[in-house]
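K.L.:
Provided below are the primary sequence and the corresponding predicted coordinates.
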Amino acid sequence: MFSSPKICLVNVSSDVADAVSSYFSNVYIGDVGKIINTDIKQAHQIRKIRLVYDLPDNLHEYDIVIYDMNNHETINYIEDDHQFGLGKSKVANGIILRFPQSVFDGRPILSQQILAPFIRNEKRKIYIIFSSESESIPYEIGDFTTNNIRSLDTKTVNNYDFLNDGVSKTNKSGKELKVLDTEFKKVLNKHAKDARYEVTFKYNDQRFPNYLPLMTNKYDEVISYLIPHNDSYIFLLPNFGDKKDFLNEFLNETLPSFLPDFFPENTEAHWINSDDFTLPGVSELQNKKEVIVEEAEKRIVEIDEEIHKKMLEFQFLHDLIRETSDKLVSAVQKFLQYIGLESVIDVDNHSGTVLKEEDLRIEYKGKLLVTEVKGINGTSTDDDCSQISKVRYRKMRELNRTDVNALYIVNHQRYLPPPARDNPPFKDIQITDAVNDDRGLLTTWELYKAYGYIQKGILTKIDIEDQIFQTGLIRFLPKATHKVLGPPDEIHKNGFVFILNIADDTLVVGQNILVQTDDELIIARINGIKLNGNDVEAAHNGEYGFLIDKKIKKENIIWILRTAN
């Protein structure tokens, strides 16, 4: 444990305080005020606030001040802690807090009163400040000398006023950070992945020509900087996810190399690591390492760009299960075009359409499908389901055609993750009515899943094209590539073994089958087959037991690939 430098911690969390105290012995843990919840609830209520802080009397003797502006620790208002008249002064000035303000934050005004003159006047210090968003707070100064509270003045203070560094602040938050090429690049790069910035900075280069940006956001706006001032060093840093680990490395490795005179007890190990004493071959290996890191970072940027392009290309898939109105209609249109339906018209955006009653109009193999697309927070009413029928009948009369089909597509309970929704979201009577009325009911969740099935080779685009004209509840099934064996006769071993009578088909160990559950299609592998209690390699013409790697239920349907004739 090092006795030097002396460090004053201001408004840091307990884990940071414990960590710094574990390797430096001269550590003062203080604050420039804490947020106070005064519980003011009514218009007539006020609170008297004493400006209370905890800093050492000999703050000028401390070498390093670490201030976490992002630590928003809150305490409850205790009236006894805010009594006046206990000191030598004949004047009792404090802050008046009035309704509707119920939370008091004294850090801006206290840091301005105490830290500002310290930074302005003291020389040869290090300030490490974890930045927060910029915030200006009005304070009503009150005189509590007598029983009658008297308002003296109103003062607005910004939480960055204590720096007085000529740097303008703009509130903007994010997680995409870039570390600039400075001697602090290594430590900042290591911890940037878990960091977040709340504010951007713009400085006056005439006032502080030595201002050094350390990090920027993706738009090259400065989010971290260093200003050498008055023979001191002020570091403005983002909100690192693990400040204790950052400070451990920053205080024990980075700063001792940068400012060795501040760390007289732990610099011995650092000079030996300088370029003058590099061991044979180490420098070459370090150069190779830097080249590899640079190439990797460049490749990561390229991959991120590819990811971004893919996300834009397939954004419609997320829109299928999240959006409503025009965005949802557009997403359904893009999906249908993806599977190969060329004539999918967005009626609202089609200039040649006179009557715009349906959302999408689909022409396929000489048939016409009128479609209503809807995104809702709940499930569909009977009227929701049947509205498209009225459009269908009008189109039949308007176009003098009898081959007009109707389809209702819904993104239901859209604020829930799709697996947690009611699937299917239609009542039995709604499905029966749809069958009787020759119209289809389809969810956008079914469309979304269909894309995944196509990618896995479970479904083909032809499957979707042919089945989208069905009536009643539409579930896309692999009819073109698979055939149904039926539900299991029995289920055993907690769903991993099923009994099924096989006729003309042959199933073998290691073969994949398809399981149709209530809401999805699952690929399962046959790991074992038994006939009359004996292990066999294949099943054909008889009742067999099948051990698979997925858990199924008795009402599930078993499918297998069709074999070529």
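P.N.:
Sure, I can see it.
K.L.:
kindly provide the distance from Glu302 to His308.
P.N.:
11 Å (Cβ to Cβ, to the nearest Å). Every C-beta, even on glycine, is put in place using the N, C-alpha and C of the backbone.
K.L.:
name the SS class of Leu214, please.
P.N.:
strand (DSSP: H, G, I helix; E, B strand; the rest coil).
K.L.:
correct me, but it touches Thr182?
P.N.:
Yes - taking Cβ atoms under 8 Å as the definition, Leu214 is a contact partner of Thr182 at 5.9 Å.
K.L.:
give me the common contacts of the two.
P.N.:
When contacts are counted by Cβ atoms under 8 Å, 6 or more residues apart in numbering, Leu214 and Thr182 have Leu226 as shared neighbours.
K.L.:
who has more neighbours, those two?
P.N.:
Neighbours per residue, other Cβ atoms under 10 Å: of Leu214 and Thr182, the larger number sits with Leu214, 20 against 13.
K.L.:
how about the more buried one: what's its closest non-neighbour residue?
P.N.:
Ser224 (4.3 Å; Cβ to Cβ, 6 or more residues apart in numbering).
K.L.:
give the contact list for the one you found.
P.N.:
Here Ser224 is in contact with Ser131, Leu188, Tyr197, Pro213, Leu214, Met215, Phe235, Leu236, Leu237, Pro238 (criterion: Cβ under 8 Å, 6+ apart).
K.L.:
tell me the pLDDT at the last one?
P.N.:
Confidence per residue is given as pLDDT, and for Pro238 that number is 96.
K.L.:
and the gap between it and Leu279?
P.N.:
35 Å.
K.L.:
for the stretch 351-500 of the chain, which segments count as helices?
P.N.:
Ranges of helices in the stretch 351-500 of the chain, per DSSP state H, counting those that start in this stretch, are 382-399, 428-436, 444-456, 461-467.
K.L.:
and the ones you listed, which is most packed in?
P.N.:
Most buried of the helices of the stretch 351-500 of the chain, by mean neighbour count (mean count of other Cβ atoms under 10 Å): helix 444-456, with a mean of 19.
K.L.:
what about that one, distance to the chain center?
P.N.:
Using Cα atoms, centre = their mean, to the nearest Å, the mean C-alpha position of helix 444-456 is found 24 Å from that of the whole chain.
K.L.:
ditto for stretch 97-106
P.N.:
For stretch 97-106, the distance to the chain centre is 32 Å (Cα atoms, centre = their mean).
K.L.:
mean confidence score for that stretch?
P.N.:
Mean predicted lDDT for stretch 97-106 stands at 90.
K.L.:
tell me which residues of that stretch come out buried.
P.N.:
Leu97, Ser102, Phe104, Asp105, Gly106 (16 or more other Cβ atoms under 10 Å).
K.L.:
could you do stretch 502-510 as well?
P.N.:
Ile502, Leu507, Val509.
K.L.:
now do stretch 66-76
P.N.:
Ile66, Tyr67, Asp68, Met69, Asn70, Asn71.
K.L.:
would JSON lines of those with pLDDT be doable?
P.N.:
Shown next, in JSON lines, are the buried residues of stretch 66-76 (pLDDT from 0 to 100):
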{"residue": "Ile66", "pLDDT": "97"}
{"residue": "Tyr67", "pLDDT": "97"}
{"residue": "Asp68", "pLDDT": "97"}
{"residue": "Met69", "pLDDT": "96"}
{"residue": "Asn70", "pLDDT": "92"}
{"residue": "Asn71", "pLDDT": "90"}
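K.L.:
can you pick out the most distant pair from the residues you listed?
P.N.:
Farthest-apart pair in those is Ile66 and Asn70; separation 12.3 Å (Cβ to Cβ).
K.L.:
show me where the chain has its helices.
P.N.:
14-23, 107-121, 185-192, 243-249, 255-258, 268-271, 282-313, 315-320, 325-338, 382-399, 428-436, 444-456, 461-467 (DSSP state H).
K.L.:
kindly calculate the angle that the longest one makes with helix 185-192.
P.N.:
Helix 282-313 and helix 185-192 are oriented at 40 degrees to each other (axes from the mean of the first three to the mean of the last three Cα atoms, to 10 degrees).
K.L.:
okay, buried residues for helix 282-313 please.
P.N.:
Buried residues in helix 282-313 (16+ other Cβ under 10 Å): none.
K.L.:
what of the fifth one?
P.N.:
Burial within helix 255-258, assessed by neighbour count using 16+ other Cβ under 10 Å, is assigned to Leu255, Pro256, Phe258.
K.L.:
same check on the third one?
P.N.:
By neighbour count on 16+ other Cβ under 10 Å, the buried set for helix 185-192 is Val187, Leu188, His191, Ala192.
K.L.:
nearest to Ile75, of the residues you listed?
P.N.:
His191 (29.5 Å).
K.L.:
need the contact list for the closest one.
P.N.:
Phe240, Gly241, Asp242, Asp245, Phe246, Glu249.
K.L.:
alright, calling it a day.
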